[in-house]
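In: Sequence unavailable; structure follows:
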């Protein structure tokens, strides 16, 4: 994978990505709740489809955010990654 260029994120970008994770999780939970709250008679309705689309969109955004933070944490040369990653 020589074509993958590792670019360190700015500290502000890392903080924003960490904050927005909770928004994406809340959106996923709300969408899942709406999907489960509809009864079977409205299973093919427009509301169900929209809630399903929202669930997929929030899941994709959460996945992209998690991957970006994971890739940032793996950079050894970045001082931001060293400062912001919790020591385990």
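Out: Arrived safely, thanks for sending. Nothing here was measured: the structure is a model prediction, and the numbers come from that model.
In: Give me the contacts around stretch 11-31.
Out: For stretch 11-31, contacts defined as C-beta atoms under 8 Å, 6 or more residues apart in numbering pick out 9, 51-52, 54-55, 58-59, 61-62, 65-66, 68-69, 72, 80, 83-84. All C-beta atoms are positioned from the backbone trio N, CA, C, and that covers glycine.
In: ok, of these, which come out buried?
Out: By neighbour count, with 16 or more other C-beta atoms under 10 Å, the contacts of stretch 11-31 hold 9, 51, 54-55, 58-59, 61-62, 65, 69, 72, 80, 84 as buried.
In: right, and out of the residues you listed, which lies closest to residue 32?
Out: residue 55 (6.0 Å; C-beta to C-beta).
In: element containing that closest one, please.
Out: If you go by DSSP states H and E, residue 55 is part of helix 46-73.
In: That helix - what's its average pLDDT?
Out: Averaging pLDDT along helix 46-73 gives 90.
In: and it, what other elements does it pack with?
Out: Applying 3 or more C-beta pairs under 8 Å, 6 or more residues apart in numbering; DSSP states H and E, one finds that helix 46-73 contacts helix 11-37, helix 79-84.
In: between those, which gets nearest to residue 47?
Out: helix 11-37 (7.4 Å).
In: what's near enough to touch the nearest residue in space to residue 51 that is not next to it in sequence?
Out: Of all residues beyond its chain neighbours, the one nearest residue 51 is residue 34 (4.2 Å), with distances taken as C-beta to C-beta, 6 or more residues apart in numbering. By C-beta under 8 Å, 6+ apart, residue 34 lies in contact with 47, 51, 54.
In: Having no further points to raise, I will conclude here.
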